[in-house]
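# I need the structure of the sequence given here:
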Amino acid sequence: MTTFTFRSVELSHDTALLHSWIATEHAAFWGMPTATQDQINTEYNSLLATEDYEVLLGLDESGAARFLIELYNPAASPLAQAYNYVRGDRGLHFLAPASEQPQPGFTLEAMAAAVSHAFTRPGIERIIVEPDVRNKAIHALNARVGFRPVRPIELAEHDGSIKQALLSICTRNDFETATGHNLGSSFLSPERWEIAHRHVLAKALGEFSHERLLEPADHGDGTYSVQKDGHRYLFAARRFHLNHWLVAPASLEHHEYINGSWQPSEVDVIDFVTRFYQELTLSEAQLPTYLEELSSTLSSHCYKQVHSTHDSAALAQFPGTAAQSFQLVESSMTEGHPCFVANNGRMGIGRSDYLRYAPETGAALNLGWAAAHKSRAQFDAIDTLDYESLLASQLDDGERKELDQALARALFGTGYSAEEYILMPVHPWQWENRLSVTFANDIARKQLIWLGTSHDEYQAQQSIRTFFNLSDPTRHYVKTAMSILNMGFMRGLSAEYMKVTPAINQWLGELFDNDPVLSTQPVALLREIAAVGYRNPQFEAATEKSAPQRKMLAALWRESPINLLEEGQTLATMASLLHVDSQGKSFAAALVRRSGLDPARWLAEYFDAYLVPLVHCLAAYDLVFMPHGENVIMILENGAVKKVLLKDLGEEIAVLSDRVELPEEIRRVRTGGDPVLSVFTDVFDSFFRFLAPLLDVEDILPEADFWKIVAERLMDYRAEHPEFSQRFDELGLFAQSFPLSCLNRLQLRNNQQMLDLTDQSGGLLYAGDLENPLASALVGAN
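Alright, predicted model coming up:
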């Protein structure tokens, strides 16, 4: 096997060689068969002057040039308009010249070397090619090194003509499987691994101290330490309200006591958790799985280090269309849930699955479609929508015809008819890894039939099982079941819950429309307007209601926020406010700067859109949401929050009393619990606790002023709506303290299922009280 090396083209002495290779009938698909040497020189001068464009010669062991490759950034090429670009993509052009004495196997070896070399650049995850559709020889060659055809596309050529091309993509896993070559990881390196350990350990020290699992010793100069069994961890931290610890990753030092003195040792969060697992209330049975989740979180952080190509200021400019910038922000988040330490566990996802499905990759994928027999499947929707109307709005005529034809072929000779089935979207990972095996009985007996994948491409959101339509952003989100373990829950989707989800959303939408306060506030709902669930009677007979086998196959459709935008408006998940780039700059601060508003006014407008409607729902209806960052979408103008959109409603809302009349079919949303904890825990402790310090450390606004503005906006709501003043006062939002509800303690207790979803409040864990920052802020607000 020949070993090839590469060097950059030097036109001063390579132009003649390039001319002899390109201006030939053999290279006709390169479009320059009659070019002169000067024309070749001009063309390649232009290419070499293009940013992020490489022209390389492949050299054999003697140093002789044997083939040509061009590597380029697809996002800066005509390809950008023809496919959904993903960070980590690299375009490739390959040319092996004609030879009078062809060497068997040479072209395949050269192509494999070219692809392997393209993958050596840090962060490259996929190679993209777009050869002419008529070039059958190169299609065959591409397939042999792992390229998978995607679809025909049209590309504008430099001479104004249109090239009919075949878009094909090769992932690292595709290349390794096809060639047997081992490329290794593109993002795991000792340097990035060290950064990841420091980041996660800093968060662990902060959050475990917040939840009072650890009690760091205070050395009086902004430094703290925890110590056990000859191991000491020193760190610098700033303390904020709500017992929030902002630990500086760079300050972390691990010392080991050896031969009578403290010696420097490696910073490793997995070792740390293993040493302190008893203090963290981890059982010996839970510890190994938690360590796996930590390892996955570390690996994800390394990926994000490579691919976080936009800093906060750049993200705040919202490049591209509203849909494009929305999804860029969504995939640029580097942290995940702000409270959970092991927040990217995703147990069950392998390396190639990660690159294909993880939200931070920004990958475009095609959802699966299956046909489910009506004896086991049920479709439900809001009153103004039916099954056929939904599918007509989400599928083109051609795609619907293909699915119907696939179903007809599958049913031929079985005695079943297509009218007996419901079409439903399925996560491709779920079908391949779970349904095709666990539900094999259903598949064999034609209760469940795989039909193929969608025409439309989708991007996974931070919640990983929810998808945004990239091909037509006005179409609905799709949420699917995905039986992976992440942050204390199997991420399935219950067929039992799906059957009343549209009814819950319809009731909630009508409440918002008819409420005189909510209907005039800058808040709206992204309703889950339709759902389908599949039941397996054998597993239902063998399991309890919470069993993962009952949550393997269901889906819902949720309204797209794109349809609610006005001219000049953009979108971002509220979770993005807590995003901090590699330079330590937050997205929240970048938005405030972009808006040009006084920070106090920026926050007041944000609180009016987010916090005040939540409090009104409490005061008027004892209605609570799960309003964490990923469950809220912000509509922005020039960086200022103009409206918030609440989502994930069917499984998350609750009515905590009998003051509100509910339709019988949605009675499951009536639960018990302390209503004000939904504000104290979900808003103050789980979100504002992080947001206020970010604005403080960047000198946007002191933390004390942040809480003063919160108090002012709440008191203004009380004054503007005296009819709710008594109920507002009864909520006790300005109490001196409130119970500390601990999320990590839940995951550490049981990382298979943190809570019983039918009795979430009953399973919470508390660790004393937190001082309420509004108690002191109220003095300044009056």
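# next SSE after the longest helix along the chain?
Longest helix in the chain, counting residues (DSSP state H): helix 599-621. Remark: after helix 599-621, the chain's next helix or strand is strand 623-624, criterion DSSP states H and E.
# What residues of the following helix or strand past that next one count as buried?
Next in sequence after strand 623-624, counting helices and strands by DSSP H and E, comes strand 632-637. Buried residues in strand 632-637, defined by neighbour count with 16 or more other Cβ atoms under 10 Å: 632-636. For every residue, glycine as well, the C-beta is placed using N, CA and C.
# got a markdown table for those, with distance to Leu395 and pLDDT too?
Putting the buried residues of strand 632-637 into a markdown table (distance: Cβ to Cβ, whole Å; pLDDT from 0 to 100) gives the following:
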| residue | distance to Leu395 | pLDDT |
| --- | --- | --- |
| Val632 | 29 | 95 |
| Ile633 | 25 | 97 |
| Met634 | 30 | 98 |
| Ile635 | 28 | 98 |
| Leu636 | 31 | 98 |
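# of these, closest to Glu130?
Nearest to Glu130, judged by Cβ to Cβ, of these is Ile633 at 34.3 Å.
# That closest one touches Leu645, doesn't it?
Yes: with contact defined as Cβ atoms under 8 Å, Ile633 reaches Leu645; the gap is 4.2 Å.
# what residues go with each domain of this structure?
Per automatic domain parsing, the structural domains of the chain span 5-179, 329-781.
# circling back: and for Ile633 and Leu645, which residues touch both?
When contacts are counted by Cβ atoms under 8 Å, 6 or more residues apart in numbering, Ile633 and Leu645 have 526, 561 as shared neighbours.
# can you map out the helices along the stretch 651-782 of the chain?
Ranges of helices in the stretch 651-782 of the chain, per DSSP state H, counting those that start in this stretch, are 677-679, 689-697, 703-720, 725-731, 743-749, 773-781.
# how about those helices in JSON lines, adding distance to Ser186, mean neighbour count and mean pLDDT?
Listed next are the helices of the stretch 651-782 of the chain as JSON lines, based on distance: least, Cβ to Cβ, whole Å; neighbours: other Cβ atoms under 10 Å; pLDDT from 0 to 100:
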{"stretch": "helix 677-679", "distance to Ser186": "42", "mean neighbour count": "22", "mean pLDDT": "86"}
{"stretch": "helix 689-697", "distance to Ser186": "30", "mean neighbour count": "21", "mean pLDDT": "97"}
{"stretch": "helix 703-720", "distance to Ser186": "40", "mean neighbour count": "19", "mean pLDDT": "96"}
{"stretch": "helix 725-731", "distance to Ser186": "51", "mean neighbour count": "15", "mean pLDDT": "93"}
{"stretch": "helix 743-749", "distance to Ser186": "30", "mean neighbour count": "22", "mean pLDDT": "86"}
{"stretch": "helix 773-781", "distance to Ser186": "44", "mean neighbour count": "17", "mean pLDDT": "77"}
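# Including distance to Val129, could the buried residues of strand 632-637 go into TSV?
Shown next, in TSV, are the buried residues of strand 632-637 (distance: Cβ to Cβ, whole Å):
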residue	distance to Val129
Val632	40
Ile633	36
Met634	38
Ile635	39
Leu636	38
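# And those residues, which is closest to Phe680?
The nearest one, if we look at these relative to Phe680 and count by Cβ to Cβ, is Val632, at 17.3 Å.
# Quick check, the closest one in contact with Met574.
Yes: between Val632 and Met574 there is a contact at 3.9 Å, judged by Cβ under 8 Å.
# Give the intersection of the neighbour lists for the two.
Joint contacts of Val632 and Met574 (Cβ under 8 Å, 6+ apart) are 610, 644.
# before we move on, back to that, now tabulate the helices of the stretch 651-782 of the chain in JSON lines and tack on distance to Ser99.
Converted to JSON lines, these look like this (distance: least, Cβ to Cβ, whole Å):
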{"stretch": "helix 677-679", "distance to Ser99": "73"}
{"stretch": "helix 689-697", "distance to Ser99": "61"}
{"stretch": "helix 703-720", "distance to Ser99": "71"}
{"stretch": "helix 725-731", "distance to Ser99": "82"}
{"stretch": "helix 743-749", "distance to Ser99": "62"}
{"stretch": "helix 773-781", "distance to Ser99": "76"}
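# which one of those helices lies closest to Ser20?
Among those, helix 689-697 comes nearest to Ser20, with 59.5 Å by Cβ to Cβ.
# And the closest one, what does it pack against?
Counting by 3 or more Cβ pairs under 8 Å, 6 or more residues apart in numbering; DSSP states H and E, the packing neighbours recorded for helix 689-697 are strand 231-240, strand 244-247, helix 587-595, helix 703-720.
# Any idea which of those gets closest to Ala76?
helix 587-595 (23.9 Å).
# Report the angle between that closest one and helix 599-621.
Helix 587-595 runs at 120 degrees relative to helix 599-621, counting by axes from the mean of the first three to the mean of the last three Cα atoms, to 10 degrees.
# Leu407 versus Arg87, what's the distance?
37 Å (Cβ to Cβ, to the nearest Å).
# thinking again about what came up before, tell me the helices and strands packed up against the longest helix of the chain.
Using 3+ Cβ pairs under 8 Å, 6+ apart, helix 599-621 is in contact with strand 523-525, helix 587-595, strand 623-624, strand 632-637, strand 640-646, helix 677-679, helix 703-720, helix 725-731.
# who wins for proximity to Leu662 among those?
strand 623-624 (10.4 Å).
# Now do the closest one, average pLDDT.
Regarding strand 623-624, the rounded mean pLDDT is 94.
# Over to stretch 539-559?
Rounded mean pLDDT across stretch 539-559 is 90.
# where's the longest helix of the chain relative to the chain centroid, distance-wise?
Between the centre of helix 599-621 and the centre of its chain there are 26 Å (Cα atoms, centre = their mean, to the nearest Å).
# Put the alpha carbons of it into PDB.
Output of helix 599-621 as PDB, limited to C-alpha atoms (Å, rounded to 0.1, in the frame of the first residue of the first chain):
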ATOM      1  CA  PRO A 599     -29.600  47.200  31.500                       C
ATOM      2  CA  ALA A 600     -32.400  47.900  34.000                       C
ATOM      3  CA  ARG A 601     -34.900  48.500  31.200                       C
ATOM      4  CA  TRP A 602     -33.700  45.400  29.300                       C
ATOM      5  CA  LEU A 603     -34.300  43.300  32.300                       C
ATOM      6  CA  ALA A 604     -37.700  44.900  33.100                       C
ATOM      7  CA  GLU A 605     -38.900  44.100  29.600                       C
ATOM      8  CA  TYR A 606     -37.700  40.500  30.000                       C
ATOM      9  CA  PHE A 607     -39.300  40.100  33.400                       C
ATOM     10  CA  ASP A 608     -42.600  41.500  32.100                       C
ATOM     11  CA  ALA A 609     -42.600  38.900  29.300                       C
ATOM     12  CA  TYR A 610     -41.400  35.900  31.400                       C
ATOM     13  CA  LEU A 611     -41.900  36.300  35.100                       C
ATOM     14  CA  VAL A 612     -45.000  38.400  35.400                       C
ATOM     15  CA  PRO A 613     -47.200  36.100  33.300                       C
ATOM     16  CA  LEU A 614     -46.000  33.100  35.400                       C
ATOM     17  CA  VAL A 615     -46.900  34.900  38.600                       C
ATOM     18  CA  HIS A 616     -50.300  36.000  37.200                       C
ATOM     19  CA  CYS A 617     -51.100  32.300  36.300                       C
ATOM     20  CA  LEU A 618     -50.300  31.400  39.900                       C
ATOM     21  CA  ALA A 619     -52.400  34.300  41.400                       C
ATOM     22  CA  ALA A 620     -55.400  33.800  39.100                       C
ATOM     23  CA  TYR A 621     -55.500  30.000  38.600                       C
END
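# what's the helix or strand encompassing Tyr290 packed up against?
Using DSSP H and E, the element containing Tyr290 is helix 287-307. When contacts are defined as 3+ Cβ pairs under 8 Å, 6+ apart, helix 287-307 packs onto helix 190-210, helix 269-275, helix 351-357.
# quick one: which of these is nearest Gln37?
helix 351-357 (42.5 Å).
# which residues touch the closest one?
88, 125-126, 171-173, 185, 299-300, 303, 346, 349, 361, 363, 365, 429, 460, 464.
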